[in-house]
Each structure stands twice: as structure tokens, then as C-alpha cells.
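**Student:** One predicted model, sequence on top.
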Amino acid sequence: MMTDRLQPVGVLFEEASARGVRAARERSRATAMWLFTVAAIVLAMVVVGGATRLTGSGLSITEWKPVSGALPPMSARAWDQAFALYRQIPQYKLVNRGMSLEQFKSIFWWEWGHRLLGRLLGLTFAAPFIVLLFQRRVPRRLIPRCAALFLLGAFQGLVGWWMVQSGLEQRISVAPERLATHLCLALLLFSALIWTGLEAWAGPRAGAGRRDGWARVSLVFLICVFFQCLLGALVAGNQAGLIDNDWPMMAGSFMPTDYWRGGVWSTLVHGASAVQFNHRILAYAIVSFAALIAVSAIASRKAPSGTRGLGVAVGLVALAQVILGVGVLLSLVSLPLALMHQFTAAVLLATAVAFAWRARRSNAVL
């Protein structure tokens, strides 16, 4: 009789153990750390890419050689050949005519470093992924997502070359819309790596639940930050930070008088005054939105602790980013400030991703 009574307890224990094993298999700290490391390299690529653009170095390498291009010129003759190719494009003829070989090398190394980071990114993604798969340490539910991220990274390389091509024949810089596309894919990869890393770290969400309140607000905020980053790319592509360098006005007016350029595409994508004005207005909206989130996070009794802390972080980083943006504008795009502005933009995006991910896993209401 005692055995019969204890049997259900044993069955329940075995079932609980099985559930624990399955949960452990769906969670991998090693996978999470690998994905966060790859995200850090993407962040480095974004910052170095910004330096490459700000120093006018992005067109210094006029060929795309994914394998052999991993090595820089190794002889005086190789340097002369690379410089000769650069002297054939409009940027040299119209902007840098008379540049010495040593000056060419100074811009060459920025672009070469940017491409080297891209190759390092591919290696850092592929090699650990294969090892972790062999060790069965990647949660099954995340394997297709990780494979998709690898393909996205490879596609990003192709888009990067497509961007460079736009500046080799008829332009002295890359096309703003292609620059924005290149950055869009980089930030999409960056965000997805962070989100997937958090998924691997924490495991699957327990229970379906109803997503409302913080989840909706955080998602809207994330979309706004992402779109603002793309507007920043248009500002950079049009060199719009070099005009209307007063604040809070633009050339003495709230809205620039030369905003409209006769067409939607030419205004919103290629209009320097328009893209800077749009970037400013969305920045004001985002910092106000972030302040509201931070205040609500502090005041709300229903917000989970993780959501509360990230909500406050969102507000602080957004404020720092706006201050940096004003500094970049007033300094006529100082290189250190501009790079810090770009870095902080990525930090704000990462914080917004973590905030949205955390809010999605709770049912808290504002």
C-alpha cells in the first residue's frame, strides 16, 4: 500500500526533472556570450565605419576582394598600384588631387581596418557557431535564427560593396540612401544579436501571457530609435552636419527656408537642410518619450525591477545622446564628438532592445 502511494510522487519527480532538463537545453550562457561578443564587433564596425566616412576614407579601396583583400599592400609596387586605382575616381580628381602617397595611406588604413573587422566578424560568428553546434550547446529553437543572422551578416558585406560602388564613377562620396541601407542592415544585425543573446541567456518565456503596457511602449520606442539612426545616416551621407550650425534655430529660423527641394525623394533623402531638420525633430520627440518612460518606470509600482532599471537607463542615454548631438553640430562635426555620438546612438539602440525584450517577458501595465 505504501508503494502505491509513493508511486505518483516518484512520477511527478521524474516529470519535473525531465522538464528541468528540457529547460536547461533551451538555455545556453555560452551561446549568449558568443552572440554578445559578435554584437560588440558589429558595434566596433559601426564606429570604425563612422570614422572611415568622417575622414573621407571610404572610397580609398576601389576593388572588392573578399579573400585576397585581407592583406594590405605588402610592397612599394603594390602601394603604387592601389594609389593609381584611387587616382582614377572622381573623389581624387575633384577633392584630393595632388594627394601624396603618404596621405593616401592615411585614408587607406581606415577603410582597410573597416573591412578587416568585417572579415573578423564572419570568422567570430562562423567558427564558434560550428563548435557550439557540435557540442549541442545552441538551443534548438535558436539554431534557425542564428543561421539567419549569419546570412544577414554575409549579405551586409555585399551591401557594403554596393554602397562603395555608388561613389566610384560619378560621385565624390557614396549615395546617402545606400549609406542608410548599409547602416540599417548593420543595426538590424546588431539588435537581433542582442535579442537572441538575451533569449539564449534566459531561456524560453514561461507561459503565453498577454502583452500590453510596457511591451507596447518599449516596442514603439525601439522603432523610433532605429528610425532615428537611419535619419542620422542620411545626415552623414548628405554632410548635413556642416550646415545650419546654430541651435536651437536653423540659420536663425525654426524650420529652414530651403527645406523643400521640389520632390519627396530629393527632399527627404538628398536635401541637406531637410534631413538635418527631420533628425532634430525626431531627436526632440525621442528624448521626450524617453523621459516619460523613465519617470513612469520610477513611479509605477507594477513595473518589474528589470523593466524599471532599463526604463531609467533609456532616459539617461537618450539625454546624453541629444547633448552630444548638439555638441557635434556646434563644433562643425568634431571627429571625437561625432564618433562618440555614433557610439552612443548604438548604445541607446542596445538599451532600447534590452528594454523591449525585458518588457515583452512580463505582463506589467503602465
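**Tutor:** Cool, got the structure.
**Student:** Please count neighbours and contacts with C-alpha atoms only from this point.
**Tutor:** Noted.
**Student:** Identify the residues contacting the most centrally placed residue in the chain.
**Tutor:** In the chain, the C-alpha nearest the mean C-alpha coordinate belongs to Leu187, at 2.6 Å (C-alpha atoms, centre = their mean). Contacts here follow C-alpha atoms under 8 Å, 6 or more residues apart in numbering; on that basis Leu187 touches 226, 346.
**Student:** secondary structure element for it?
**Tutor:** Assessed by DSSP states H and E, Leu187 sits inside helix 176-202.
**Student:** State the distance from Arg87 to Leu43.
**Tutor:** 31 Å (C-alpha to C-alpha, to the nearest Å).
**Student:** Sorry, slip of the keys, the one I care about is Ile298.
**Tutor:** 30 Å.
**Student:** For these two, indicate the residue with more neighbours.
**Tutor:** Applying other C-alpha atoms under 10 Å to Ile298 and Leu43 shows that Leu43 carries more neighbours, namely 20 against 16.
**Student:** how about the more buried one, phi and psi?
**Tutor:** phi -60, psi -40 (degrees, to the nearest 10).
**Student:** so where is this protein shaky, pLDDT-wise?
**Tutor:** Scanning the chain for pLDDT under 70 picks out 1-25, 206-212, 303-305, 363-366.
**Student:** Break it down into its domains, please.
**Tutor:** 25-204, 208-366 (automatic domain parsing).
**Student:** which residues sit against stretch 190-199?
**Tutor:** 27, 31-36, 38-39, 42-43, 142, 145-146, 149, 349-350, 353-354, 357.
**Student:** now the helices for this protein?
**Tutor:** 2-25, 29-54, 76-86, 90-94, 101-134, 143-165, 176-202, 214-237, 264-268, 272-299, 305-330, 335-360 (DSSP state H).
**Student:** Any idea which of those gets closest to Ser253?
**Tutor:** helix 272-299 (10.9 Å; C-alpha to C-alpha).
**Student:** Please identify the buried residues of that closest one?
**Tutor:** The neighbour-count check on helix 272-299 (16 or more other C-alpha atoms under 10 Å) flags 272-280, 282-283, 286-287, 289-291, 293-294, 296-298 as buried.
**Student:** same thing with stretch 234-245?
**Tutor:** For stretch 234-245, the neighbour count (16+ other C-alpha under 10 Å) marks 234-242, 244-245 as buried.
**Student:** Run through who's touching it.
**Tutor:** 173-177, 179-180, 250-251, 269-273, 275-276, 279, 328-330, 332-333.
**Student:** Quick one, which of these are buried?
**Tutor:** Judged by 16+ other C-alpha under 10 Å, buried ones among the contacts of stretch 234-245: 173-177, 179-180, 250, 269-273, 275-276, 279, 328-330, 332-333.
**Student:** want to throw the helices of the chain into a markdown table with distance to Ser60?
**Tutor:** Converted to a markdown table, the helices of the chain look like this (distance: least, C-alpha to C-alpha, whole Å):
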| stretch | distance to Ser60 |
| --- | --- |
| helix 2-25 | 47 |
| helix 29-54 | 10 |
| helix 76-86 | 6 |
| helix 90-94 | 9 |
| helix 101-134 | 5 |
| helix 143-165 | 10 |
| helix 176-202 | 16 |
| helix 214-237 | 17 |
| helix 264-268 | 27 |
| helix 272-299 | 24 |
| helix 305-330 | 25 |
| helix 335-360 | 19 |
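**Student:** how about these, which one is nearest Gly69?
**Tutor:** Taking the helices of the chain one by one with C-alpha to C-alpha, helix 101-134 is closest: 8.5 Å.
**Student:** and the closest one with helix 76-86, angle?
**Tutor:** Helix 101-134 and helix 76-86 are oriented at 100 degrees to each other (axes from the mean of the first three to the mean of the last three C-alpha atoms, to 10 degrees).
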